[in-house]
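Chemist: Pasted the sequence and its predicted model underneath.
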Amino acid sequence: MTLALFTALALLAIASGVLVFVVDSMARATFALLVSFLAVAAMVLLTDLLYLGAVIILMMIIEMVVMAVFMIMYMMNPAGLMPMSMFHNTRGAAVICGLLFAGLSAGIFLADWPERRGTRPEDPTLELGTALMEGHMLTMMTLGVTLFSTIVATVVLATGRGRYDRLGDRLDAGHPDDPAGGGVGR
Amino acid sequence: MTSATPFLLPVLLVAGVWFVAVLDGALADRAAGYGSGARRALSRTGREAARLLVAQRRTTLAADGLLRWAGVLALIVAAVLAAGVVPLGWEAPADLSVGVVWFNAMEVVAWAAVWLVGWGPNSALSLTGGYRFVAQGLSYELPHMFAIITAALGAGSLRMSDIVDAQADVWFAVWMPAAFAAYLLSATAMAFWGPFDAPVGRDVAGGAAGELSGVDRLLFEGGRRLLLVAAAAVAVPLFLGGGHGPWLPAWAWVLVKTLAVLALLVWVRHRLPVLRMDRWSEVSWIVLLPLTMLQALAVALVVLARGGGGQ
Amino acid sequence: MDLTRALLRYAAHAPHVLLVPVPGAAGLRMEVEHAVASRRWREATGPADTDVLIVVGRPGHEMRAVIAEVWRRVPAPRLRIDLDPHARPADVSRRLDQVPDLLADPQRGHREAESAATRHEETTAAGDGNVEDGDHNARSGHSEHQAEDPGAGHTEHAGHHGHEQPHGPAEHGEHGDTGHTELAEQAGHTEHTGHDHHAHHHVAMPLPGGLAMADVAEDRDGLALDVLNLPLGPVLPDWPAGLVLDVVLQGDVISSAEARVLDAPRATREDTAGGGVVRDLDVVARVLSVAGWPGPAARARSLRERVRAGAPREEVAGELTALARRVRRSRTLRLMLVGLGRTQRTDVADLLRRHLSRIEAYAGGQPTEASDEPAGLAVRDLGSRLAGAELAAARLLVAALDPRVPDTAEAGRTEGVGR
Amino acid sequence: MILEAFLVVAAALFTIGLFGALTQQSIVMLMMGLELMINGIILATAAYWYFLAPAAADGQVIVVAVVTAMAIEMAMGFAVVTAIYRAKRIDMTDSATELEG
């Protein structure tokens, strides 16, 4: 039963992964990628990592929906009314990827994998939380700071307006000059 | 009851949808100044459903039917899966150890679903509905997450039944009111119901749902109400003490509380004009988000003072 | 098939109605709105949601074509009612009373379903001359396009603009619910130039047919993004009769707009029986409805009907004041409306407030002077007010500004003052 | 379910993603390729945790880190696209050649 489920999910993940670069509609490509992610999330659920599986589902849906919006902003041809062939350097890439896959597979099957060490904890989620708050506290803090700097950096990169545009050269405008007014009356 | 719950769930959900539709129709008639006969409201819902059942399914030119169907189906599937973690009485059809996160993940499926339904028909106005819902989701996801995590924090567990157990003495709604209020607001927004229904608003000719007809529309509208029912049902174990209560058995309390929350949400819808996201996303980021964070902090301090939470 | 028949009969008593008002038939429109609401039928949001299409007034050439296009998109079982501008309330009532029986007739439904299907083909083919076959069922995959074009790269990318141009109107007109015929005259306006900005990278690319391509414009954040040219109207819920806004959209922000009225020369003066307060109530109802507050909007409409029907002032005064007070007191509504379409003098919240004041003045028995009537905007000035507005804001502005459709017509120009 | 099966699926996803990232011209599509590669990494890490060292939480922490990296990649990617686009109106890799030697 589990095996059948795994096989189905694996095929789904790979097939939709391929579809991402085959379909001629950007919307379909985005959502094929989403399907691939969801299949992987389901496989993660199969390995008893319930929390991580659920979080991947949550994150990937949000990410892909945001991506869909960007796609409309920046892509030609989002609807697939025109054929989308935007490849370059196809042959070289195919060779590289073929070799890489062969190498990886060979490695996977030739490697002498160690035996499973230890038993699975009762509640992997609790284990993860404890690890992040104790042993791996540093990792968590680094991630937090990185995410924060990402937020700052993305806003700086993406926006074309700074505080001088909003509040005037002396930053003394009483009312910021924004294209769209906000809701809390500022 | 144990073995029956998985089969009972769809029945209860459909009953909840029916309840929402009838109450909504009755309140709409009353707000418009026509008397609201209960019988008329009951039959009206049936007529509306029948009307969509017999209607032809039309599509638009160069529409992406596959994606649209995927969207409509995803909405319903997500709502049912989200409701699956709600304890009916003491036992949920699927009492996952990460029930709270699961519920949130399933709610987010609605983003993709509505966006797909808006994209599918290749129509500018329905795509606008899709955009609006994405903006709404992005604005309300964080307060929503903080609100439900606050409840989990108070109980020291992500499992719904543990959260219910932690409320044997006092409901979470009592000592985390800000989280409860934020939950109701943001859950309404995530189900694009009530004052948050700009994504399917009349001003964009029905928005995301604007090009749906026949069975498609029936499923979409049903899925939307299913999502609302699921959100209301989850409020019960998270904040309203689940099955705890005097006199009645646990399952009855869950039903009564769920219907009460639903009634509240439907009533609010008729009290307020639509809250558009160009105005209200700022309220979410500047008011709601800090509020829920402070609430989570307060709850965390209480839990610490009590000695380390639910472990 | 008894089940279907039973369902049809059952459903036929709660139809959704799409009103298509023709310019110059405001009185009749109000009458029909009232007749529909008092039967507790719902007004449809768009063609796909419609069972009964009611054409209010006698449409001219341009409106007729629009209505045919809308009718094509209405799913069966469906019914179309054309109301003569001189129809009396009794006529309206009689026509509406027949609706359930007609809708429930399975033979009729069957015929409609068939004709809807065939008409779809015809109009698509005929509506814009050179649409290739198969295009309207291209929704599953668009594979034909790929098949048509061997080769890769950007050339056929260009070639496809050539294709896209002809079906542009069919496709996108579709969306805006609209006027497909004027598309024929203004073909250059309506094509979806959305995805084409890549032409910028390939400037030397020959453009098939010398078509206008690749509109890119700066949005209000200064980002140059694709634009979508789209006609808004004239068949939208709570929209002025016959008004079409040719908007240039980026996402849901209007970067520029131009307003026009279909069949403008034929439009005659609106009859506003009952004086200014009827119009005030009508505008208030429309703004509230667009703002997504259906309850008070319906109240405003039913009060409007009572005033129109000649109810004495004393009888409705209490309810009018109550309505005005409720709308005024809603802080949420103010938060949603304040600052929209702001000019030095006014915004949407202010416009609404002025109408409410006039309603209150009427209810209080004070005379309302024609001079403090909020000046409805002439249609030709509408477009400039909408630039930079978000779609929802634009809808509210159009509702609140109450553009004077007939005044643009030569016939109507002189009459504007008198009201 | 065996470890090797998981790893082969992960390797397949990784390679498909790499192919996409190498061949696509559009930056958005390129990012999709990157995402697919990270997708494979997530799967492989979860499998390592499950089959080799379930007692320690390290595997899970790596998944958390990878998922975060994915979010950052996505956010930065779009920010950079927006910045380049604002400056030059391009969103194709072939046109953005500042970094060429």
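Modeler: Yes, it's here.
Chemist: Per the annotation, how does chain A divide into domains?
Modeler: A:1-84, A:123-162 (automatic domain parsing).
Chemist: so which of these comes closest to C:Asp238?
Modeler: Closest to C:Asp238 of the domains of chain A, according to Cβ to Cβ: domain A:1-84, at 27.7 Å. The way it works is simple: take the backbone N, C-alpha and C, and place the C-beta from them, glycine included.
Chemist: Low-confidence stretches in chain A?
Modeler: Counting by pLDDT under 70, chain A has low-confidence residues at A:74-88, A:173-186.
Chemist: so where do the helices sit in it?
Modeler: Secondary structure of chain A (DSSP state H): helices located at A:2-20, A:26-46, A:50-74, A:90-110, A:124-133, A:137-158, A:163-167.
Chemist: Tabulate those (TSV), appending mean neighbour count.
Modeler: Converted to TSV, the helices of chain A look like this (neighbours: other Cβ atoms under 10 Å in any protein chain shown):
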stretch	mean neighbour count
helix A:2-20	17
helix A:26-46	25
helix A:50-74	22
helix A:90-110	13
helix A:124-133	18
helix A:137-158	14
helix A:163-167	13
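Chemist: Just tell me which of those ends up closest to D:Val81.
Modeler: Per Cβ to Cβ, nearest to D:Val81 of those: helix A:50-74, 6.2 Å.
Chemist: How many residues are close by the residue of the stretch 301-419 of chain C found nearest chain B?
Modeler: At 4.2 Å from chain B, C:Arg395 is the closest residue in the stretch 301-419 of chain C, using Cβ to the nearest Cβ. A count of nearby residues for C:Arg395, using other Cβ atoms under 10 Å in any protein chain shown, gives 27.
Chemist: quick one, what contacts it?
Modeler: Neighbour list for C:Arg395: B:Asp203, B:Val204, C:Asp238, C:Val290 [criterion: Cβ atoms under 8 Å, 6 or more residues apart in numbering or on different chains].
Chemist: ok, and the closest non-adjacent residue to the first one?
Modeler: Read it as B:Asp203. Nearest residue to B:Asp203 in three dimensions, chain neighbours excluded: C:Arg395, at 4.2 Å (Cβ to Cβ, 6 or more residues apart in numbering or on different chains).
Chemist: go on, C:Pro15?
Modeler: Spatially, and ignoring its direct neighbours in sequence, C:Pro15 is nearest to C:Asp51 (3.8 Å; Cβ to Cβ, 6+ apart).
Chemist: Pull the contacting residues for that neighbour.
Modeler: B:Arg51, B:Ala55, C:Pro15, C:His16, C:Val17, C:Ala44, C:Val74, C:Pro77, C:Arg78, C:Leu79, C:Leu103.
Chemist: Show me what whatever helix or strand C:Val307 lives in is packed up against.
Modeler: Using DSSP states H and E, C:Val307 sits within helix C:294-308. Contact partners of helix C:294-308 among helices and strands, from 3 or more Cβ pairs under 8 Å, 6 or more residues apart in numbering or on different chains; DSSP states H and E: helix B:5-31, helix C:26-38, helix C:276-290, helix C:313-329.
Chemist: ok, residues contacting it?
Modeler: B:28, B:30-33, B:270, C:27, C:30, C:33-34, C:37-38, C:273-274, C:277-278, C:281-282, C:284-286, C:288-289, C:315-316, C:319-320, C:323, C:326-327.
Chemist: In ChimeraX, how would I select the buried members of the residues you listed?
Modeler: Buried members of the contacts of helix C:294-308, defined by 16 or more other Cβ atoms under 10 Å in any protein chain shown, are picked up in ChimeraX with:
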select /B:28,31,32,33,270 /C:27,30,33,34,37,274,277,278,281,282,284,285,286,288,289,316,319,320,323,327
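Chemist: Alpha carbons of stretch B:273-280, as CSV, please.
Modeler: This file holds the C-alpha atoms of stretch B:273-280, laid out as CSV (Å, rounded to 0.1, in the frame of the first residue of the first chain):
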residue,chain,number,x,y,z
PRO,B,273,-19.9,47.0,3.3
VAL,B,274,-17.1,45.1,1.5
LEU,B,275,-13.6,45.7,2.9
ARG,B,276,-11.3,46.3,0.0
MET,B,277,-7.7,45.2,0.2
ASP,B,278,-6.3,48.4,-1.1
ARG,B,279,-7.5,49.9,2.2
TRP,B,280,-7.6,47.0,4.5
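Chemist: So B:Val164 sits against B:Pro87, correct?
Modeler: Yes: B:Val164 is within contact range of B:Pro87, at 5.8 Å (criterion: Cβ atoms under 8 Å).
Chemist: overlap in contacts of the two?
Modeler: B:Pro237, B:Gly242, B:Gly243.
Chemist: quick one: which of those residues has the most company?
Modeler: B:Pro237 (33 neighbours).
Chemist: so can I have a markdown table of the helices and strands packed on helix C:294-308 showing mean pLDDT?
Modeler: Formatted as a markdown table, the helices and strands packed on helix C:294-308 follow (pLDDT from 0 to 100):
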| stretch | mean pLDDT |
| --- | --- |
| helix B:5-31 | 81 |
| helix C:26-38 | 83 |
| helix C:276-290 | 85 |
| helix C:313-329 | 84 |
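Chemist: Distance to chain D added to the ones you listed, as JSON lines?
Modeler: Below are those laid out as JSON lines (distance: least, Cβ to the nearest Cβ, whole Å):
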{"stretch": "helix B:5-31", "distance to chain D": "25"}
{"stretch": "helix C:26-38", "distance to chain D": "46"}
{"stretch": "helix C:276-290", "distance to chain D": "33"}
{"stretch": "helix C:313-329", "distance to chain D": "41"}
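Chemist: JSON lines for those helices, including distance to C:Leu335?
Modeler: Formatted as JSON lines, the helices and strands packed on helix C:294-308 follow (distance: least, Cβ to Cβ, whole Å):
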{"stretch": "helix B:5-31", "distance to C:Leu335": "20"}
{"stretch": "helix C:26-38", "distance to C:Leu335": "28"}
{"stretch": "helix C:276-290", "distance to C:Leu335": "15"}
{"stretch": "helix C:313-329", "distance to C:Leu335": "13"}
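Chemist: now for those helices, which one comes closest to A:Leu52?
Modeler: Comparing the helices and strands packed on helix C:294-308 against A:Leu52 with Cβ to Cβ, the closest turns out to be helix B:5-31 (25.3 Å).
Chemist: distance between the closest one and the chain's centre?
Modeler: 13 Å (Cα atoms, centre = their mean, to the nearest Å).
Chemist: Can you list the helices and strands that the next helix or strand after it packs against?
Modeler: Next helix or strand after helix B:5-31 toward the C-terminus (DSSP H and E): helix B:38-54. Packing contacts for helix B:38-54, counted by 3+ Cβ pairs under 8 Å, 6+ apart, involve helix B:5-31, helix B:214-239, helix C:2-11.
Chemist: Looking at these, which one is packed in the most?
Modeler: Counting by mean count of other Cβ atoms under 10 Å in any protein chain shown, helix B:214-239 has the highest mean neighbour count of the helices and strands packed on helix B:38-54, with a mean of 25.
Chemist: hmm, the helix or strand following it touching chain C?
Modeler: If you walk from helix B:214-239 toward the C-terminus, the next helix or strand you reach (DSSP H and E) is helix B:250-271. Yes: Helix B:250-271 reaches chain C (Cβ under 8 Å from any Cβ of the partner chain) through B:His270.
Chemist: ok, is the helix or strand of chain D with the lowest mean pLDDT in contact with chain B or not?
Modeler: Of all helical and strand segments in chain D, the minimum by mean pLDDT, DSSP states H and E falls on helix D:58-88, at a mean of 85. No: applying Cβ under 8 Å from any Cβ, one finds helix D:58-88 separated from chain B by no less than 12.7 Å.
Chemist: That helix: how far from the chain's middle?
Modeler: Relative to its chain's centre, helix D:58-88 lies at 9 Å (Cα atoms, centre = their mean).
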